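>>> output the structure for:
(one chain, ligands or ions: 2)
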Amino acid sequence: MSAFENNPIPVRCHALLPCAGTGSRAGTAGPKQYQTVAGMPMVLHTLAAFSAVPRVKQTVLVVAPDDRFLSVDQPDLLLARCGGATRAHSVFNGLDALRARGAADDDWVLVHDAARCLITPQQIEALIDACRNDPVGGLLALKLPDTLKTEREGRVAATVDRSDKWLAQTPQMFRLGMLQSALAAQADSGFAGVTDEASAMEIVGHRPLLVPGSAQNFKVTYPEDFALAEAILSSRT
Ligand SMILES: Nc1ccn([C@@H]2O[C@H](COP(=O)(O)OP(=O)(O)OP(=O)(O)O)[C@@H](O)[C@H]2O)c(=O)n1
Ligand SMILES: C[C@](O)(CO)[C@H](O)COP(=O)(O)O
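Ligands and ions are numbered 1, 2, ... in the order given. Here you go, the predicted structure:
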């Protein structure tokens, strides 16, 4: 083992979980992240995965200002009632909350959808290991398993080369200072086109690292996703 491996540079990581969506595509009565799946609200599965990663020092959960679903009193978990109109806005506001908790420019932030409740500590660790020495940072992502088509008026327009296509997942891991300035540059446009943190970084010229994720780390989005999440989570416990 080298001297470097004996004394690795400490990695300061924080988690930021946007949790202020309404889940309009999920068809649930309230926000989907609070629906019970495998015995507890989805968001608690997500929080449990991050709290099992020792390198994540604290978690900021960004909820809507009028959200009263959760009350939290833990030194390593902040409930930030600063959710915005879009996911990007919620993340942008959450970065301010992290700053107010003492996070610094060079600290890493792992942004993860509260609604991706199947994330595992091992996948989070794999992302940290892949990105910790990278100048930009990166994201979990999945190569396309299926043939890819474009559409015109309900019919196939073309079959597209998928060899360079990936599905973006979360967590997405970037330095706090770099991510905050990348998002700030898009604030005036209302974060147009910023559907994830990587896209904000790309707009200002960075090329985030693609780190292979898992098909099981899907985002619960549509009504049929709940049964799959329930089956997978139940099989793990
Ligand atoms: N204004 C918003 C919108 C979304 N999110 C969060 O971002 C994550 C990913 O968003 P998505 O799955 O698209 O959730 P919703 O916006 O809630 O769903 P929909 O688009 O179906 O309404 C979710 O954890 C969601 O709570 C957020 O914090 N603030
Ligand atoms: C951030 C994200 O999870 C990456 O795949 C995704 O884009 C969020 O979902 P949305 O439907 O774009 O809000």
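>>> residues from this protein in reach of ligand 2?
Contact residues, the chain versus ligand 2 (CB under 6 Å from any ligand atom): 87, 113, 168, 169, 170, 195, 196, 219. Heads up, the C-betas are built off the backbone N, CA and C, glycines and all.
>>> rerun at 5 Å
Taking CB under 5 Å from any ligand atom, the part of the chain that reaches ligand 2 is made up of 87, 113, 168, 170, 195, 196.
>>> can you redo these as CSV with neighbour count, secondary structure and pLDDT?
Below are the residues of the chain next to ligand 2 laid out as CSV (neighbours: other CB atoms under 10 Å; DSSP: H, G, I helix; E, B strand; the rest coil; pLDDT from 0 to 100):
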residue, neighbour count, secondary structure, pLDDT
87, 20, helix, 98
113, 24, coil, 98
168, 17, strand, 98
170, 25, strand, 99
195, 12, coil, 98
196, 20, coil, 98
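>>> residue 41: which of those is nearest?
residue 113 (14.4 Å; CB to CB).
>>> just the strands in this protein please.
For the chain, the strands defined by DSSP state E occupy 13-18, 36-37, 40-41, 56-62, 77-80, 108-111, 137-143, 148-152, 155-160, 166-175, 209-212.
>>> so the third one, near ligand 1 or not?
No. Strand 40-41 lies out of reach of ligand 1 by CB under 5 Å from any ligand atom, never closer than 12.2 Å.
>>> ok now that strand, how far from the chain's centre?
In terms of CA atoms, centre = their mean, to the nearest Å, the gap separating the centre of strand 40-41 from the centre of its chain is 19 Å.
>>> what lines up beside that strand in the sheet?
With DSSP bridges as the test, strand 40-41 is paired with strand 36-37 (antiparallel).
>>> tell me the mean pLDDT for the partner strand?
Average pLDDT, strand 36-37: 98.
>>> try stretch 223-237
According to the model, stretch 223-237 has a mean pLDDT of 96.
>>> how about that stretch: buried residues?
225, 226, 229, 230, 233 (16 or more other CB atoms under 10 Å).
>>> just give me the neighbour total for residue 50.
Neighbour count of residue 50, defined by other CB atoms under 10 Å: 23.
>>> quick one: contacts for it?
Neighbouring residues of residue 50 by CB atoms under 8 Å, 6 or more residues apart in numbering: 15, 17, 56, 59, 110, 112, 119, 121, 124.
>>> and it, what's its pLDDT?
pLDDT, read off for residue 50, is 98.
>>> not counting its neighbours along the chain, what's nearest it?
Of all residues not flanking residue 50 in the chain, residue 15 sits nearest, at 4.6 Å (CB to CB, 6 or more residues apart in numbering).
>>> was I right to think the one you found contacts residue 114?
No. Contact criterion CB atoms under 8 Å: residue 15 and residue 114 do not qualify, at 10.6 Å.
>>> and stretch 158-166, how far apart are its ends?
18 Å (CA to CA, to the nearest Å).
>>> let me redo that: stretch 105-123
End-to-end distance (CA to CA), stretch 105-123: 24 Å.
>>> distance between it and the chain's centre?
Distance of stretch 105-123 from the chain centroid (CA atoms, centre = their mean) equals 5 Å.
>>> go on, stretch 157-170?
Relative to the centre of its chain, stretch 157-170 is centred 20 Å away, using CA atoms, centre = their mean.
>>> the protein: helices as residue ranges?
Secondary structure of the chain, counting by DSSP state H: helices at 3-6, 42-51, 87-100, 121-131, 176-187, 197-203, 225-236.
>>> ok so, going back, which of the contacts of residue 50 count as buried?
For the contacts of residue 50, a burial check counting by 16+ other CB under 10 Å picks out 15, 17, 56, 59, 110, 112, 119, 124.
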